[in-house]
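Undergrad: pasting a predicted model and its sequence here:
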Amino acid sequence: QVQLVESGGGLVQAGGSLRLSCAASGRTFSLSVMGWFRQAPGKEREFVAAIRWSGGNTWYADSVKGRFTISRDMAKATVYLQANSLKPEDTALYYCATGTYFSNAPNDYRAWGQGTQVTVSS
């Protein structure tokens, strides 16, 4: 099993930046794809970005492309989400998750963290 713990969320003004972290522990040798998702109140959980653990390939939702950057530190078993030019519509609970292949569907990811709140004020 892999355990995931997110951190780095907070309150920021529109146009500001945050760096989210997701630290993995347990069977980290089994990591294949790490994804970030977000869920706003009353909305479905949506894909934000993902990265292939070994090759570093990345994928982004159109809504964050050019503003968010996903990266990983394999030695620390940690994945990051650098969120720049934040907008009020980015406000949500942000989760990281791990899966065996890339997908933008939450159901394809098997392990999830508890989430970190990002609030962007206008």
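TA: Yep, it's here.
Undergrad: tell me how far the nearest residue in space to residue 14 that is not next to it in sequence lies from residue 62.
TA: Once flanking residues are discounted, residue 14 sits nearest to residue 122: 5.3 Å by CB to CB, 6 or more residues apart in numbering. Every C-beta, even on glycine, is put in place using the N, C-alpha and C of the backbone. Here residue 122 is placed at a distance of 22 Å from residue 62 (CB to CB, to the nearest Å).
Undergrad: the two: which is more packed in?
TA: residue 122 (9 against 6; other CB atoms under 10 Å).
Undergrad: go ahead and confirm that one touches residue 88.
TA: Yes. At 4.8 Å, residue 122 counts as touching residue 88 under the criterion of CB atoms under 8 Å.
Undergrad: anything in contact with each of the two?
TA: residue 14 (CB atoms under 8 Å, 6 or more residues apart in numbering).
Undergrad: the residue most central in space within the chain: which element?
TA: Geometric centre of the chain, nearest residue: residue 36, 2.3 Å, by CA atoms, centre = their mean. Secondary-structure element containing residue 36, defined by DSSP states H and E: strand 33-39.
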